[in-house]
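**Student:** Curious how this folds, go ahead:
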Amino acid sequence: MKTTVNRFAIAALAVAAVFSLGCEKQINYFKARDQLNKGVRAFAASDYALAAERFEEALKLDPELHDAKTYGAYAYMMQYIPGGTSPENTAMADKAIDGFNEVLANKPDDKLATTLLASLYFNMKDFEKAEEWHRKRIAILEKEAASNPDGKIDPVAAESYYTIGVIKWTDSYTPRLEARAEMGMKPDDPGPLKDEEVRKELAAEIIPKIDEGITALNKALEINPDYADAMAYLNLLNRERADFADTQEEYEQYQAKADEWVQKTLATKKRLAEAGTVDQFAEGQ
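**Tutor:** Reported below is the predicted structural model:
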């Protein structure tokens, strides 16, 4: 009789333990989502430090809560100050990068995490990484487009192509100006670079970057023909290219192309202003 009672007691304890575990898991589920909602409200109020704390609490309660991982990293990113070199500022960027990478490890095609990581690296002036992640973003959008009935890519892809164009201009601008200074040429002096040997040596490195930038900006305009900022950088990249021309005639041809893009930029901005619209990506650049 005693043995039978013990068996019943043990069975009852086992059932109670399972029930308790189920209840605890359910309670944590709702607590985690409560913390998530509080984090979202703090984020919307621009209290990013509090938001990060709330998202961390949500993850402690439910480590698989995907949105908490993504927005937790986003909250750290928003606390990063571009150009700041303090250890605290660097730590914010590192936490954001670690968070986004954790999200992408489980969901490689996560658009938001990919987009934010590309933006963060650009703000950190790590242009190599920024380009890498913008190209990954484009690949995700192209994959989506392939499954769309109309086959059209999401217009936000234009922003990534534009950013790649800006990066390529940045990569070419500084070394070209340094070369001009070494030759005793002022930034506004007519080109091309007058030292032929230096010009050809630098051209081998820089021209491919300029060409990649022009290609990227043209892709941006294929997606969004009214992208005035992309037109403006086509002007700048053609002026970069002009300095590496082998003849005066070639130099003037690139300058003429640049002038055409200036006029197109101004005409587009004027037309959009008169229509009461703006370049859809202008505010984000």
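**Student:** Pull out the buried residues from stretch 36-52.
**Tutor:** 36, 38-40, 42-43, 48, 50-52 (16 or more other Cβ atoms under 10 Å). From N, CA and C alone the C-beta is placed, and that goes for glycine too.
**Student:** What's the end-to-end length of that stretch?
**Tutor:** Distance between the two ends of stretch 36-52: 10 Å, counting by Cα to Cα, to the nearest Å.
**Student:** Make residue 1 into 557 and carry on from there
**Tutor:** Okay, using 557 as the starting number, the last item reads as stretch 592-608.
**Student:** chain center to that stretch: distance?
**Tutor:** A distance of 22 Å separates the centroid of the chain from that of stretch 592-608, by Cα atoms, centre = their mean, to the nearest Å.
**Student:** Also stretch 748-756?
**Tutor:** Distance, stretch centre to chain centre, for stretch 748-756: 35 Å (Cα atoms, centre = their mean).
**Student:** contacting residues around that stretch?
**Tutor:** Here stretch 748-756 makes contact (Cβ atoms under 8 Å, 6 or more residues apart in numbering) with 732, 735-736, 738-739, 741, 758, 798-802, 804, 806-807.
**Student:** again, only this time at 10 Å
**Tutor:** 732, 735-736, 738-741, 747, 757-759, 762, 797-804, 806-808, 810 (Cβ atoms under 10 Å, 6 or more residues apart in numbering).
**Student:** Which ones among those lie within helices?
**Tutor:** Of those, the ones assigned to helices by DSSP state H are 732, 735-736, 738, 757-759, 762, 797-798, 804, 806-808, 810.
**Student:** Pull out the buried residues from the residues you listed.
**Tutor:** Restricting the ones in helices among the contacts of stretch 748-756 to buried positions leaves 732, 735-736, 758-759, 762, 797-798, 807, 810, with burial counted as 16+ other Cβ under 10 Å.
**Student:** And the furthest pair within those residues?
**Tutor:** 735 and 810 (16.6 Å; Cβ to Cβ).
**Student:** number of nearby residues for residue 645?
**Tutor:** Per other Cβ atoms under 10 Å, the neighbour tally for residue 645 reads 15.
**Student:** so what's it up against?
**Tutor:** Residue 645 neighbours (Cβ under 10 Å, 6+ apart): 635-639.
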